[in-house]
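Asks: Sequence plus the predicted model coming up.
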There are 2 protein chains.
Amino acid sequence: MNAFRSIEFLDEGIVRMLDQRKLPHETVYNDYENYTEVAQAITDMVIRGAPAIGAAAAYGMALTAHRSKATDAESLRAELATASDVLAASRPTAVNLFWALDRMNKGIANSSLDSVSALQKATLTEAHAIAEEDVAINKAIGMNALSLIPDKATIIHHCNTGSLATVDYGTALGVIRTAHEQGKEILALLDETRPRLQGGRLSAYELKEQGVPFKVIVDGASGHFMRTLGVDLCVVGTDRVAANGDVANKIGTYNLAVVAHENGVPFYVAAPTTTIDMATKHGDDIEIEERPATEVTTVGNWQITPDGVDVGNPAFDVTPAKYITAIITEKGLVYPPFEENLAKLMGKE
Amino acid sequence: MNAFRSIEFLDEGIVRMLDQRKLPHETVYNDYENYTEVAQAITDMVIRGAPAIGAAAAYGMALTAHRSKATDAESLRAELATASDVLAASRPTAVNLFWALDRMNKGIANSSLDSVSALQKATLTEAHAIAEEDVAINKAIGMNALSLIPDKATIIHHCNTGSLATVDYGTALGVIRTAHEQGKEILALLDETRPRLQGGRLSAYELKEQGVPFKVIVDGASGHFMRTLGVDLCVVGTDRVAANGDVANKIGTYNLAVVAHENGVPFYVAAPTTTIDMATKHGDDIEIEERPATEVTTVGNWQITPDGVDVGNPAFDVTPAKYITAIITEKGLVYPPFEENLAKLMGKE
């Protein structure tokens, strides 16, 4: 496995996260002791990636129970309800955050948990389950994708969807990793993914550790490589899949998908079923987070632009279903028509 | 006019360039005293932009004549031939470089120039003419584009094609500038244009000086803004237009053009006729410069990636003619079929 895991819960009541803002140059772990700190860490992108922030929210709940001074179950439930609200407000787009909190809250609502200690034990067990399931799900996604990948393949990947974006292993980057581990000859072209450069910083870091051959490219170069080098497929992650198959993902995904479509390059979305949100009908119903201008105006300690310029900095975009060849889940591949086939997969039909 | 001009020739025999690598933070002028230095400045992108490097090459020739210790015209001609070869090797993609050298060499070949002083005078006159014509051409391009721009328009622009990319005024950014000066209500969305960030650094700097409203966006966000905000048109420059209407331009242009096409957003290329190369039949015949990896791995003094990663860094891409709505030249608008209409414009038919 990797030398790094994005998040852990320590027995003494600490949520420990690898500070991804400092990678690849510094490996720093931050310790958090209450849900406010965990929520802030999600907002500040100490941890990022849809599955990882779902696990972070779950551990934020377990931490709240662990550290609580409540003397009865009802007081603790009230405290946990506040924690859930604060954690839910940390970022708006990835549905895993809400999914994980919902799952935690359903467990907490179980009336047989009639003591503080029972609630403490139950929340930690559930948070660990969410984390462990995530790793297993990611490995299943990787195996399910194998049939889509030629034995020799050049693959474009956007953002970071590896160990760091999940609890461990990764979704779309896990697909690339599995293909490599299974002996396929892979060249990954990593979109650097402005503004936060998760591709150039984090995906490059992970693939280097794992020995997968790759090149870092600027986001604007993807089409050039499709036209001139030959690209076999694109694979990306997602923060939310709508019921009609539209996906929200890191800004730049839509451009990549359109250019892939125009070049006849298959475009795959690796998505644990926890990112499929049947309550969201269309992608354009998904709230797109606008993030601070400084993400665009500076890189590290270096200011790019003149002082005081206006910036548009949407963190995500929506890729309409028509540009997506298939969605790769832990339960199998989903092909168009997505509305029908996602409903079947999610047992809504 | 602007507070800056990309290049000047000083009477004492100096080519002075504004060092664009240091903008927008420092305004530094570099002085060059021979063609080797001028060629290196072009290679290092002290000056960049197709029209500007054409003028730089012309002034490099005039400088060579001015500083020559030759005592007869034939010796000076030999020296100028060497200078021309060195300058021509400074960058491969923009045709203006070769066009300007070709024009200078035709002048130099004139047998009535039978003395060193006659050649010195003729080369400087010709270089000045190239520079002054560039400014006039850019203004004509801006006026010719007016009919294409709604009175209230959101316009995406890629790279820098302003005063800094030309001798003065600009091509595609000149189109935006003219529309603003003529009273249209313009919002420019400036692709920051990785890797060298000419949009975030240089175009933002110019439009801020000129009071044109703008937002800087990452390159991957252009499609999101087309889908959600409404974009009226895109306008870009070019380093070379092939006879069939394909254009080479800064990496990222092809992605932008494809996404514009898919969204029904008109895509215009502002091109002085000096960038139209009837000798290049197809865009894919154009040599695409591969630039150093450090342009991708670092921004300013900040290293993005882990050490020692592989990078793909093509400086340009080719946008096939089918994605281009019209080419805006100083002689008028050129519409498809481009092969036929460019030939007419260039008097080859």
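Replies: Thanks, I have the structure now.

Asks: And the helices in chain A, which stretches?
Replies: A:35-43, A:50-67, A:73-88, A:95-108, A:116-145, A:172-181, A:198, A:204-210, A:222-228, A:253-262, A:294-297, A:338-345 (DSSP state H).

Asks: I'd like to know which of those is closest to residue B:102.
Replies: The closest of the helices of chain A to residue B:102 is helix A:222-228. By C-beta to C-beta, the value is 28.0 Å. Quick note: C-beta positions are derived from backbone N, CA and C, even for glycine.

Asks: and that closest one with chain B, contact?
Replies: Yes - using C-beta under 8 Å from any C-beta of the partner chain, we find that helix A:222-228 touches chain B at A:222, A:223, A:224, A:225, A:227, A:228.

Asks: what's the domain layout of chain A?
Replies: Split into domains by automatic domain parsing, chain A comes to A:7-140, A:148-345.

Asks: which one of those is the most hemmed in?
Replies: domain A:148-345 (a mean of 22; mean count of other C-beta atoms under 10 Å in any protein chain shown).

Asks: Give me the distance from it to the chain's centre.
Replies: 10 Å (C-alpha atoms, centre = their mean, to the nearest Å).

Asks: Can you get me the start-to-end distance on that domain?
Replies: Start-to-end span of domain A:148-345 (C-alpha to C-alpha, to the nearest Å) is 19 Å.

Asks: pretty sure residue A:346 contacts residue A:277?
Replies: No - applying C-beta atoms under 8 Å as the test, residue A:346 and residue A:277 come out as separate, 9.6 Å apart.

Asks: Flag the shaky bits of chain A, pLDDT-wise.
Replies: Residues of chain A meeting the criterion pLDDT under 70: A:1-3, A:348-349.

Asks: Could you rerun that using 90?
Replies: A:1-5, A:348-349 (pLDDT under 90).

Asks: Distance-wise, check the residue of the stretch 51-200 of chain A found nearest chain B relative to residue B:193.
Replies: Nearest residue of the stretch 51-200 of chain A to chain B, counting by C-beta to the nearest C-beta: residue A:194, 4.0 Å away. Distance of residue A:194 to residue B:193, given as C-beta to C-beta, to the nearest Å: 10 Å.

Asks: shared neighbours of these two, which are they?
Replies: Applying C-beta atoms under 8 Å, 6 or more residues apart in numbering or on different chains, one finds that residue A:194 and residue B:193 are jointly contacted by residue B:219.

Asks: would you turn the domains of chain A into TSV with distance to residue B:203?
Replies: Below are those laid out as TSV (distance: least, C-beta to C-beta, whole Å):
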stretch	distance to residue B:203
domain A:7-140	28
domain A:148-345	10
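
Asks: Between those domains, which one is closest to residue B:247.
Replies: domain A:148-345 (13.1 Å).

Asks: Name the nearest residue to residue A:226, ignoring sequence neighbours.
Replies: residue A:263 (4.2 Å; C-beta to C-beta, 6 or more residues apart in numbering or on different chains).

Asks: what's near enough to touch the one you found?
Replies: Taking C-beta under 8 Å, 6+ apart, one finds A:223, A:226, A:227, A:231 in contact with residue A:263.

Asks: circling back: which phi and psi does the residue of the stretch 51-200 of chain A closest to chain B have?
Replies: phi -70, psi 150 (degrees, to the nearest 10).

Asks: The closest residue to it other than its chain neighbours: what's it in contact with?
Replies: Counting by C-beta to C-beta, 6+ apart, the nearest residue to residue A:194 once its immediate chain neighbours are dropped is residue B:218, at 4.0 Å. Residue B:218 makes contacts with A:194, A:195, A:219, A:251, A:252, A:296, A:313, B:191, B:192, B:194, as judged by C-beta under 8 Å, 6+ apart.
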